[in-house]
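In: build me a model from this:
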Amino acid sequence: MKKLITILTFFFALLCFAACQKSDTKTTEEKSEYITVHLGMSGDLQTKGTATNNLYGINVYYDPERDGNSNTHYAYGLFDNKEDMSITLLSGYTYKFECTLVKDGKTMLYCGQYGGNSFSGYAKPFQTNSSASTQLSNSFVYGTTYLSGITSGEATVKSISTGYVEQTMPSIQRYYGEIGGYTPVVGGTVVIPLKKTVFAARLIIDKVPEGQLSADCVIDSNSATLLTGLASNKLYDSGAILYSYPDVRACWLNEPTIPTTVNWTFTSSVFNQWNQNGVKNVSFKRNTLTTVTVSCVPDNASGGITLLEEAFGEDNNIYLYLNSDGVIVVGVDPNEEGGDD
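Out: Presented below is the predicted three-dimensional model:
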């Protein structure tokens with residue numbers, strides 16, 4: 001009888017322990033509450049909260065296992081007004097936010113019935129995983145749907161002739177940023193740091209005393225010709241042209257350079273012996289205007305390439321002088337080697 005009482009007492013203790021554990025779990029779940037927080041931006045671009053032509057695409061993730069790995073889709077939204085960027089989160093979980101911004105996106109990007117959709121919306125980079133385009137709602141949509149293109153530089157831009165055209169490196173102002181490990185608090189604000197994910201290029205062809213000088217800049221990774229020009233006894237200037245990085249998240253994360261090949265050809269109208277061509281590898285950098293100047297020196301028609309990089313208001317000059325025999329001398333300004341302006 002003594003043993004029976006001991007066993008019953010032990011099982012009763014186990015039941016009480018299990019009930020307490022269940023009660024603690026239930027209490028923890030009951031303690032979770034919905035909290036509304038506001039989203040803000042920092043970094044390379046800060047704008048007022050009123051509605052603008054800028055377009056913001058945002059994905060939100062959370063950790064359903066409460067293990068800190070916020071990789072499950074929670075909500076997405078497309079906005080043009082920062083004042084509307086409020087989201088309701090469940091306490092006790094951590095969240096990650098990723099955002100891309102297209103400056104003046106409502107002017108630059110195509111909005112219409114794209115990809116067979118019956119409604120009008122914005123396509124790349126704001127398409128979702130379930131639709132080719134997304135409507136501008138200035139609110140979050142909760143669930144497993146997400147903006148699948150916001151880490152890519154591709155965009156569907158307006159075209160006068162065809163309505164729209166898809167470009168890998170469009171000439172638009174693009175920004176990207178993300179922040180993780182956020183735990184919601186009452187009255188909290190999530191600040192997403194944005195970085196400008198673009199580069200700029202300019203091609204100048206000058207110093208052609210006779211004949212013709214042509215040049216182009218080709219991106220090595222996808223053989224895309226960014227700039228091309230031809231000069232004959234006059235200056236060619238493409239002007240500064242802005243391009244989005246092909247992978248805006250990689251740009252935000254590592255700021256890789258864009259390897260580019262500059263090809264140039266000089267055809268003399270006097271002596272065929274003066275004909276020549278050359279190739280030079282250069283790199284474009286994030287948030288930097290790189291000006292490539294290709295020139296010919298009058299006395300022997302040798303070619304010169306000058307690179308000028310303008311970043312954050314500072315000039316960084318790199319001179320490359322191509323002699324008539326094709327030898328490249330680094331660090332010599334062609335203008336100081338007897339060439340006429």
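In: who are the contact partners of Ser232?
Out: Contact analysis of Ser232 by CB atoms under 8 Å, 6 or more residues apart in numbering lists 208, 211-213. The way it works is simple: take the backbone N, C-alpha and C, and place the C-beta from them, glycine included.
In: okay, the residues you listed in CSV with secondary structure, pLDDT and distance to Ala200 next?
Out: Formatted as CSV, these follow (DSSP: H, G, I helix; E, B strand; the rest coil; pLDDT from 0 to 100; distance: CB to CB, whole Å):
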residue, secondary structure, pLDDT, distance to Ala200
Val208, coil, 79, 25
Gly211, coil, 86, 30
Gln212, strand, 89, 27
Leu213, strand, 88, 23
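In: quick check: which element contains Lys158?
Out: Following DSSP states H and E, one finds Lys158 within strand 155-159.
In: residues contacting that strand, please?
Out: Strand 155-159 has contacts (CB under 8 Å, 6+ apart) with 102, 107-110, 114, 122-125, 164-167, 170, 172, 174, 244.
In: narrow these to those in strands?
Out: 102, 122, 164-167, 174, 244 (DSSP state E).
In: what subset of these is buried?
Out: Neighbour counting with 16 or more other CB atoms under 10 Å marks 102, 122, 164, 167, 174, 244 as buried within these.
In: widest-spaced pair of those?
Out: Comparing all pairs in those by CB to CB, the longest separation belongs to Tyr164 and Arg174, at 17.2 Å.
In: which residue sits closest to Pro256, ignoring its sequence neighbours?
Out: Leaving aside its chain neighbours, Pro256 sits nearest to Ala250 (6.2 Å; criterion: CB to CB, 6 or more residues apart in numbering).
In: neighbours around the one you found, how many?
Out: 16 (other CB atoms under 10 Å).
In: go on, Asp44?
Out: Neighbour tally, Asp44, other CB under 10 Å: 17.
In: so who does it touch?
Out: 175, 194-196, 287.
In: ditto for Ser70
Out: 61-63, 93-96, 180-181.
In: so which of those comes closest to Ser86?
Out: Looking across these and measuring by CB to CB, the closest to Ser86 is Tyr95, at 13.8 Å.
In: what distance do you get for the closest one to Tyr245?
Out: 26 Å (CB to CB, to the nearest Å).
In: strands of the stretch 1-150 of the chain, start to end?
Out: Using DSSP state E, counting those that start in this stretch, the strands found in the stretch 1-150 of the chain span residues 34-43, 55-62, 72-79, 86-90, 95-102, 111-112, 121-122, 140-142.
In: middle-most residue in this structure, spatially?
Out: For the chain, Val248 is the residue whose C-alpha lies nearest the centre (CA atoms, centre = their mean; 2.6 Å).
In: next, give phi and psi for that one.
Out: Per-residue torsions, Val248: phi -70, psi -30 (degrees, to the nearest 10).
In: my read: Gln113 touches Ala123, true?
Out: No: contact criterion CB atoms under 8 Å: Gln113 and Ala123 do not qualify, at 10.2 Å.
In: what about those two, which has more around it?
Out: Neighbours per residue (other CB under 10 Å) separate Gln113 from Ala123, with Ala123 holding more: 24 against 12.
In: quick check: closest non-adjacent residue to the more buried one.
Out: Per CB to CB, 6+ apart, closest to Ala123 is Thr156, 3.7 Å.
In: bridging residues for that neighbour?
Out: Beta-bridge pairing for Thr156 (DSSP bridges): Glu166.
In: one more: Leu203?
Out: Val292.
In: show me what Leu147 is bridged to.
Out: Residues in a beta bridge with Leu147, per DSSP bridges, are Thr128.
In: how many other residues sit next to it?
Out: Neighbour tally, Leu147, other CB under 10 Å: 23.
In: if anything else comes up later, I'll come back, but that's it for now.
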